[in-house]
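In: Give the three-dimensional model of this entry:
(2 chains)
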Amino acid sequence: MNEPDKNKIDKEDFHLNFPINKGYIKRRKIYNNIAFILAVVAFIIGGFPVFHIVYSAFIVGYKYLNWHFISTLPTGFPIGAQGGILNAIVGDLYLIVIASCLALPLGIGSGFYLSLFGKKGINSIIRLLNELMVGIPSVVWGVMGFYVLSTNAGLGFHFGFSALAGGLTLGFIMTPIITLLTEQAVNRIPASYIEGALSMGATKWQATKSVVVKAAMGGIFTGILLGVLNIIGQTAPLLFTNYYNTGMPTGITGPGGAVGDLAMLIFIYIHEPSRILHYKAEAASFVLLFFVFALDIGMRLITRLTVKIFEFF
Amino acid sequence: MADNNGTIKNDIKIEVKNLNFYYGNYNLLKNINLFFKKNSVCTIIGPSGCGKSTFLRTLNRMNDYTEDTKLTGEVLIDGKNIYNRSVDVVELRRNIGMVFQTPNPFPKSIFDNVAFGLKIHGIKNKEFIAERVEKCLKYAALFDEVKDTLYKPAFSLSGGQQQRLCIARAIATNPSVLLMDEPTAYLDPMSTGIILDLITSFKKYYTVVVVSHNIQQAARVADYSGFFLSGELIEFDNAGDFFTRPKDKRTENYITSRF
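Out: Residues are numbered from 1 along each chain as shown, chains lettered A, B, ... in the order given. Below you'll find the predicted structure:
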């Protein structure tokens, strides 16, 4: 406190001796431009495959893109040479619904638990397991589904190659993604919301259901969207748990319980030595892309709407 | 409506005995001893990081949710230690309202913000809720400004109005103590003035504890005042003596450097 001289500024010095490096000022503009160009190049490299897929799928498959293609079952020889892909579209809906029934309550519930209720020690274990689940290759999930759900080798569920076995396996893949995004969404809510509710004597559950859920809605929907988009593209787990059905399913377990699936359809058609099936696979890819696109837009709209509606409750 | 406990002999509402608060190994609050009288306004001043907000949060157990913390000593409210195991934290917090530094209305309508406190305590009678919401908004000097927009989102209000809404929300559950953590820190002078007037008028019904950076504002509303410095209570006295004849040199330094 007794050494004010140390912090005292010589006024002349302060105003005159600001070293301006003119060379650097010129160079930093160049650096700025280089950074911009790099960003554009990265966009082109990253975006090219996407545009190429959309373009080539459309160019090859466009003549099959009509209402008949998406509204009829595959027929002819080899199967699919005539008719459309209705079996796969319906099958995808089956799988998404079954997977969501498992993954939404499990994923959203554990996300809430992690961010609101859990203790440090347990949380770190759950988080570790969750990240591990994200990292498990989908083919390993498929093998798990085969042993545990499809056959009675493991726990004795004997669902067969069916929508239920396939959907539940996909649900396990979807769960950690939703958990992760739910937790992030809840963590993004200002702590003051929760504190406000607690300070008025709300229990944690009351605070969660009346304040947190509404505020985190947008983030949770993003998690659901990412989860669904992820499983739409999965084939490996279905190889072992559902495989493929060229017709409509008659149930969700046992014989006749298997469903078609767009990703599997593409995989199978591309393997066939038949040009027409290759074209149809490309057309089906385009339909799948459109499906993904529509789902994305739809979810965004739903999110925006629900957030708006909830503002009034 | 002020107190449901006419049986208490003296007029002490909150008594803090040998309170120590640890964050990890760090001793944040050191041996605090003080008491707040019924129907008075007490202000707590001190520099940033001195533990005054933490102290306020020990009075309604909001620190329970912060991990790695430990508390020793006693906080007696109406003669009962709130850190006893048998104490119902939910009921405790109903009895002790809290207003935060930043206005934090819920993402709901103005009406529902105030009604929230009634609903979570199981009140379903709609007429009672409507009447109570109107009364609380009137107490908080907000009703005239929002009576036509009760069902609009609370975020459509200005910052000062939001803070008054939070005050209305806090008194809806009929507390007997009101804790305020720098309630005017982010507000313009007009809104600050309104809220300081509210605080003064509230002592008829509540025991009010206000934490503040601003010494002038603290002096304006206080009946009693305390000075915290790095986790210690340096001085606690009635406001007249505290602001004009502080006993401790450090209190004097802090007050005069700001005036």
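
In: Could you use CA atoms for every contact and neighbour count after this?
Out: Will do.

In: any weak-confidence spans in the stretch 151-259 of chain B?
Out: For the stretch 151-259 of chain B, residues meeting the criterion pLDDT under 70 lie at B:258-259.

In: Any idea how many residues pack against the residue of chain A found nearest chain B?
Out: Of all residues in chain A, the one sitting closest to chain B is residue A:201 (4.4 Å; C-alpha to the nearest C-alpha). The local packing count at residue A:201 equals 26, with neighbours defined by other C-alpha atoms under 10 Å in any protein chain shown.

In: and it, which of the three is it?
Out: The local conformation at residue A:201, judged by DSSP: H, G, I helix; E, B strand; the rest coil, is coil.

In: Test my guess that residue A:303 contacts residue A:217.
Out: Yes - using C-alpha atoms under 8 Å, residue A:303 is in contact with residue A:217, at 7.3 Å.

In: quick one, phi psi at the residue nearest the centre of chain B?
Out: For chain B, the residue lying nearest the average C-alpha position, counting by C-alpha atoms, centre = their mean, turns out to be residue B:179 (1.0 Å). Geometry field for residue B:179 lists phi and psi as phi -100, psi 130, criterion degrees, to the nearest 10.

In: which residues does it bridge with?
Out: Beta bridges link residue B:179 to residue B:98, residue B:209 when assigned by DSSP bridges.

In: Now do the contacts for it.
Out: By C-alpha atoms under 8 Å, 6 or more residues apart in numbering or on different chains, the residues touching residue B:179 are B:56, B:96, B:97, B:98, B:99, B:208, B:209, B:210.

In: Need these in CSV (columns: distance to residue A:276).
Out: Rendered in CSV, the data for the contacts of residue B:179 read as follows (distance: C-alpha to C-alpha, whole Å):
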residue, distance to residue A:276
B:56, 75
B:96, 75
B:97, 73
B:98, 71
B:99, 70
B:208, 81
B:209, 80
B:210, 79
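
In: distance of the closest residue to residue B:134 other than its chain neighbours from chain A?
Out: With C-alpha to C-alpha, 6 or more residues apart in numbering or on different chains as the measure, residue B:143 is the residue that lies nearest to residue B:134, at 6.8 Å, once sequence neighbours are left out. Taking C-alpha to the nearest C-alpha, to the nearest Å as the measure, residue B:143 and chain A are separated by 19 Å.

In: so residue B:143 sits right up against residue B:132, yeah?
Out: No - between residue B:143 and residue B:132 no contact is recorded; they are 11.9 Å apart, counting by C-alpha under 8 Å.

In: More neighbours: these two, which one.
Out: The residue with more neighbours, out of residue B:143 and residue B:132 and counting by other C-alpha under 10 Å, is residue B:143; that gives 20 against 17.

In: And the more buried one, how far from residue B:159?
Out: 16 Å (C-alpha to C-alpha, to the nearest Å).

In: and what of residue A:252?
Out: Distance check for residue A:252 against residue B:159: by C-alpha to C-alpha, it reads 56 Å.

In: Comparing these two, which shows the higher neighbour count?
Out: Using other C-alpha under 10 Å, the more surrounded residue of residue A:252 and residue B:159 is residue A:252, with 22 against 18.

In: Quick check: can you list the domain ranges of chain A?
Out: When chain A is parsed into structural domains using automatic domain parsing, the resulting residue ranges are A:6-64, A:85-312.

In: Would you reformat those domains as TSV and include mean pLDDT?
Out: Rendered in TSV, the data for the domains of chain A read as follows (pLDDT from 0 to 100):
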stretch	mean pLDDT
domain A:6-64	86
domain A:85-312	89
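
In: just those: most buried one?
Out: Mean neighbour count (mean count of other C-alpha atoms under 10 Å in any protein chain shown) peaks for domain A:85-312 among the domains of chain A, with a mean of 20.

In: where along chain A do the strands fall?
Out: Counting by DSSP state E, chain A forms strands over residues A:74-75, A:82-83, given from the N-terminal end onward.

In: List the neighbouring strands of the first one plus their orientation.
Out: Each strand pairing with strand A:74-75, determined using DSSP bridges, is listed with its direction: strand A:82-83 (antiparallel).

In: Residues in contact with the partner strand: which ones?
Out: Residues contacting strand A:82-83 (C-alpha under 8 Å, 6+ apart): A:68, A:69, A:72, A:73, A:74, A:75, A:76.

In: redo that, cut-off 6 Å
Out: Where contact means C-alpha atoms under 6 Å, 6 or more residues apart in numbering or on different chains, the residues beyond strand A:82-83 that reach it are A:72, A:73, A:74, A:75, A:76.

In: so which of the residues you listed is the most crowded?
Out: In terms of neighbour count, residue A:74 stands highest of the contacts of strand A:82-83 at 21 neighbours, by other C-alpha under 10 Å.

In: for it, what are its contacts?
Out: A:80, A:82, A:83, A:84, A:85.

In: Name whatever forms a beta bridge with it.
Out: Here residue A:74 shows beta-bridge partners residue A:83, assigned using DSSP bridges.

In: is it true that the residue nearest to residue B:134 touches residue B:137?
Out: Yes - using C-alpha atoms under 6 Å, residue B:143 and residue B:137 qualify as a contacting pair, with a distance of 4.8 Å.

In: Give the residues shared as contacts by those two.
Out: Looking at what touches both residue B:143 and residue B:137 (by C-alpha under 6 Å, 6+ apart), there is no common residue.

In: need the contact list for whichever residue of the stretch 151-259 of chain B sits closest to chain A.
Out: When distances are taken as C-alpha to the nearest C-alpha, the stretch 151-259 of chain B approaches chain A most closely through residue B:153, which lies 6.2 Å from it. Counting by C-alpha under 6 Å, 6+ apart, residue B:153 makes contact with B:108, B:109, B:110.

In: One more: residue B:76?
Out: Contacts of residue B:76 were listed using C-alpha under 6 Å, 6+ apart, and they are B:14, B:15.

In: If you count neighbours, what's buried in the strand or helix carrying it?
Out: Using DSSP states H and E, residue B:76 falls within strand B:69-77. For strand B:69-77, the neighbour count (16 or more other C-alpha atoms under 10 Å in any protein chain shown) marks B:69, B:70, B:71, B:73, B:74, B:75, B:76, B:77 as buried.

In: now the residue most central in space within chain A, nearest residue through space, not along the chain?
Out: The centroid of chain A falls nearest to residue A:226 when counting by C-alpha atoms, centre = their mean (1.8 Å). The spatially closest residue to residue A:226, leaving aside those adjacent along the chain, is residue A:177, at 7.4 Å (C-alpha to C-alpha, 6+ apart).
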